[in-house]
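J.: When you get a sec, could you give me coordinates for this:
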Amino acid sequence: MLKKGIIWLEGLDRIKKLLDVFKSPQDDYPVIHVAGTNGKGSVCAFLSSVLSSVPCESSESEDMSFVGDEIDNLIEMNGTSFTNFLGSEISTDVSSFLDNSCFGPSETEPFSSAWQAPPSKVGATLKVGTFTSPHLFELRDSIRINNQPVSIELYENTRMEVENTCHQVFGEPGNDIKTSPWPSWFERLTAIAMLIFSRVSVDVAVVGVGLGGTLDATNVIDAPVLCVFTHISEDYAEFLGNTIKDIASHKAGILKRGAAVVIGYQSRPAVPGIITDRALKVGAGPVYNASTAVKVPDRRGWATISLPPRRGAQSETITYPITLNGPSQLENSALAVSAISVLRDCGGIFEKITNEIIVEGMRRTRWPGSPEWLTIPLALTPITVLVDGAHNIDGSRILKEYITEVKQYLLETGNPVGRVVWICGTSTNRDLKRVFSEMIEHNDTVFCVPFDLVPTQEMPWVECWQPEEMEEVLRKNFPVVKRYIAMDISEPLEQISINFASGEWDPRSTIVVVAGSNFLIADLYRKYNLLA
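T.: Model prediction:
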């Protein structure tokens with residue numbers, strides 16, 4: 001079962017016309033362009049963190065008045081929480097995270113924001129712009145400088161400038177988004193990001209593709225210094241094509257003459273060849289396949305990677321921490337480190353990147369909601385939940401692998417393992433049966449919830465499955481699964497809290513997971529005032 005949303009991929013003419021008015025700000029700084037199906041956000045986070053750890057002598061790069069502090073208190077976390085159980089030695093032994101509500105916080109590396117990374121050890125650093133989508137909490141957090149969302153003032157002033165320019169260049173927007181002469185909301189958001197990066201004089205920008213590649217608004221970038229490809233699979237087939245060849249060809253559309261290319265792990269064998277062929281056609285290259293990272297046996301959460309020889313140097317091995325959760329982060333981190341290694345040969349500011357800086361940048365990486373453990377304050381008893389924006393087939397499979405590893409670790413450390421309780425809400429352009437089949441086991445419990453559509457009002461194609469529809473899919477295809485309907489995310493959390501307090505469920509043997517959409521994760525933050 002699949003419901004299509006509404007989206008338009010009409011080419012780049014409008015955004016180019018808009019940016020031309022601002023004298024093509026996207027050409028004012030070197031860009032790393034990242035495309036793929038899964039892992040773009042994590043890879044962008046790794047890349048941005050490493051680059052923003054590179055020392056810089058310019059006093060201009062020390063001025064960070066244009067980043068916002070309004071999102072600095074998203075959630076009070078007394079450490080990396082349970083985030084690094086497959087991750088970093090930052091977290092030492094996982095048993096230190098266990099408390100009466102399943103998993104609790106660490107006190108090893110305090111920080112007070114979902115976005116806030118530990119402080120840099122190198123002083124003034126490069127100024128790095130990052131643009132990714134979709135947003136998590138609000139549109140402006142798609143645009144970040146040194147891993148912090150830009151300020152409300154800067155975002156709103158730039159947005160108004162772009163809107164006023166659209167009025168002058170394209171006329172009245174009209175009431176029908178499909179027939180409006182204006183650039184789409186995402187084209188305007190992309191223009192805002194490109195303009196902000198130029199105005200604050202970033203040293204480099206890391207830009208994630210929104211959808212596909214060829215016709216994506218970010219493909220207005222004419223001369224990326226590096227193109228990076230994360231894992232590519234069948235997603236948004238209704239827009240990109242029904243075959244992996246069609247989809248990969250769309251993604252490869254970001255390649256430009258002179259750009260170096262790094263391809264991450266691909267489970268579909270045809271993908272690397274499709275990208276390489278496109279690179280040869282447009283004059284991009286050299287083309288590299290990312291090196292493979294392996295876990296360090298005696299250092300939990302660390303990985304080691306052997307990089308290919310650089311110009312005038314021998315091959316080398318780097319051992320680095322992984323601060324993000326989930327089995328896919330071994331591949332994502334390997335791609336990011338491989339890309340940084342290639343970037344060093346691009347000269348200029350990138351020559352300053354040492355192995356020590358790579359380790360420091362990987363240590364400082366944060367990427368909220370993908371996945372992370374949060375403790376939710378409830379009246380009866382707090383609940384610690386695993387949240388993940390996993391919303392497609394591969395993302396769901398990876399999340400399930402992570403939960404399986406959590407269960408295995410709990411067994412190895414003598415902790416009980418019982419039920420998994422899912423709180424799920426997802427967009428209607430997702431195949432529910434396939435998503436559920438990747439995540440859910442027959443002894444699980446599922447609460448079906450909608451997410452709030454108000455924050456998505458500028459994205460009219462975003463619709464959520466109604467709880468009754470989700471429950472019907474479960475009933476028909478997974479009849480043994482216990483399933484419940486709820487009207488918002490608070491209902492299941494309150495019920496779980498009651499079950500824990502009454503002793504009906506054992507909190508130490510219950511894993512609570514909130515998954516299916518970044519919009520649902522954002523609802524969780526808002527509902528429990530985790531933004532304040």
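J.: need the contact list for Pro327.
T.: For Pro327, the contacting residues are 86, 398, 401-402, 405, by Cβ atoms under 8 Å, 6 or more residues apart in numbering. Yep, even glycine has a C-beta here, placed from its N, CA and C like the rest.
J.: Check what pLDDT the nearest residue to Cys424 once chain neighbours are set aside gets.
T.: Once flanking residues are discounted, Cys424 sits nearest to Gly516: 4.5 Å by Cβ to Cβ, 6 or more residues apart in numbering. On pLDDT, Gly516 comes in at 85.
J.: tally of neighbours for Gly516?
T.: For Gly516, the neighbour count with other Cβ atoms under 10 Å is 32.
J.: Hmm, it is touching Val435, no?
T.: Yes. The criterion here is Cβ atoms under 8 Å, and Gly516 meets it with Val435 at 7.5 Å.
J.: Would you indicate which residues of stretch 224-238 are buried?
T.: Within stretch 224-238, the residues that count as buried by 16 or more other Cβ atoms under 10 Å are 224-236.
J.: Now it - C-alpha only, CSV.
T.: Taking Å, rounded to 0.1, in the frame of the first residue of the first chain, the C-alpha atoms of stretch 224-238 are listed here in CSV:
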residue,chain,number,x,y,z
PRO,A,224,31.7,21.5,-6.0
VAL,A,225,35.1,20.6,-4.8
LEU,A,226,34.0,17.2,-3.7
CYS,A,227,30.9,15.0,-4.4
VAL,A,228,30.1,12.3,-1.8
PHE,A,229,27.6,9.5,-2.3
THR,A,230,26.1,7.7,0.7
HIS,A,231,24.1,4.4,0.4
ILE,A,232,21.6,4.5,-2.5
SER,A,233,18.5,2.3,-2.5
GLU,A,234,14.9,2.3,-3.8
ASP,A,235,13.2,5.3,-2.3
TYR,A,236,10.9,8.0,-3.7
ALA,A,237,10.6,5.8,-6.8
GLU,A,238,7.4,7.7,-7.7
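J.: What is the helix or strand where Leu524 lies packed up against?
T.: Leu524 belongs to helix 518-527 when assigned by DSSP states H and E. On a contact count with 3 or more Cβ pairs under 8 Å, 6 or more residues apart in numbering; DSSP states H and E, helix 518-527 meets strand 383-388, strand 511-515.
J.: okay, the ones you listed, which one's buried deepest?
T.: Burial of the helices and strands packed on helix 518-527 is given as mean neighbour count (mean count of other Cβ atoms under 10 Å); strand 511-515 ranks first at a mean of 25.
J.: Go through the contacts of Pro327 and say which is closest to Tyr484.
T.: Of all the contacts of Pro327, Tyr484 sits closest to Tyr402, with 23.7 Å by Cβ to Cβ.
J.: so that closest one makes contact with Asn325?
T.: Yes. Counting by Cβ under 8 Å, Tyr402 sits close enough to Asn325 to count as a contact (6.4 Å).
J.: Who are the contact partners of the residue nearest to Gly264 when sequence neighbours are not counted?
T.: Once flanking residues are discounted, Gly264 sits nearest to Leu335: 3.7 Å by Cβ to Cβ, 6+ apart. Contacts here follow Cβ under 8 Å, 6+ apart; on that basis Leu335 touches 39, 43, 228, 230, 262, 264-265, 290.
J.: So which of Tyr402 and Asn325 has more stuff around it?
T.: The neighbour comparison of Tyr402 against Asn325 (other Cβ under 10 Å) goes to Asn325, with 28 against 22.
J.: the strands in the stretch 351-500 of the chain, which residues?
T.: 372-376, 383-388, 420-424, 445-448, 482-485 (DSSP state E, counting those that start in this stretch).
J.: which strands and helices sit next to the third one?
T.: Here strand 420-424 touches strand 445-448, helix 490-502, strand 511-515, going by 3+ Cβ pairs under 8 Å, 6+ apart.
J.: Reformat these as CSV; add distance to Phe350.
T.: Conversion of those to CSV gives the following (distance: least, Cβ to Cβ, whole Å):
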stretch, distance to Phe350
strand 445-448, 47
helix 490-502, 45
strand 511-515, 37
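J.: number of nearby residues for Thr365?
T.: 26.
J.: Need the nearest residue in space to it, chain neighbours excluded.
T.: That would be Ser49: by Cβ to Cβ, 6+ apart, it lies 4.1 Å from Thr365.
J.: For the strand or helix carrying that neighbour, name the packing helices and strands.
T.: In the assignment (DSSP H and E), Ser49 maps to helix 40-51. The helices and strands touching helix 40-51, judged by 3+ Cβ pairs under 8 Å, 6+ apart, are strand 31-35, strand 128-131, strand 204-208, helix 328-344, helix 355-363.
J.: just how off-centre is it within its chain?
T.: 9 Å (Cα atoms, centre = their mean, to the nearest Å).
J.: secondary structure class for Gly174?
T.: Following DSSP: H, G, I helix; E, B strand; the rest coil, we place Gly174 in the coil state.
J.: Surely it is in contact with His167?
T.: No. Assessed by Cβ under 8 Å, Gly174 is found out of contact with His167, at 11.9 Å.
J.: related to what we said a few turns ago, as TSV, the helices and strands packed on helix 40-51 with mean pLDDT and distance to Gly253 would be great.
T.: Output for the helices and strands packed on helix 40-51, formatted as TSV (pLDDT from 0 to 100; distance: least, Cβ to Cβ, whole Å):
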stretch	mean pLDDT	distance to Gly253
strand 31-35	98	8
strand 128-131	98	18
strand 204-208	98	14
helix 328-344	95	19
helix 355-363	95	29
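J.: okay, these in JSON lines with distance to Ile143 next?
T.: JSON lines is the format used below for the helices and strands packed on helix 40-51 (distance: least, Cβ to Cβ, whole Å):
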{"stretch": "strand 31-35", "distance to Ile143": "14"}
{"stretch": "strand 128-131", "distance to Ile143": "6"}
{"stretch": "strand 204-208", "distance to Ile143": "10"}
{"stretch": "helix 328-344", "distance to Ile143": "20"}
{"stretch": "helix 355-363", "distance to Ile143": "20"}
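J.: Show the subsequent helix or strand relative to the worst-scoring helix or strand of the chain on mean pLDDT.
T.: When each helix and strand of the chain is scored by mean pLDDT, DSSP states H and E, helix 237-240 comes last, with a mean of 60. With elements assigned by DSSP H and E, the helix or strand that comes after helix 237-240 is helix 244-251.
J.: That next one: which residues count as buried?
T.: 244, 247-251.
J.: roughly how far apart are Phe519 and Val417?
T.: 30 Å (Cβ to Cβ, to the nearest Å).
J.: what does Ile353 give?
T.: Here the criterion is Cβ to Cβ. By it, Ile353 lies 42 Å from Val417.
J.: Of these two, which one has the most company?
T.: With neighbours defined as other Cβ under 10 Å, Ile353 and Val417 compare such that Ile353 has more, 20 against 15.
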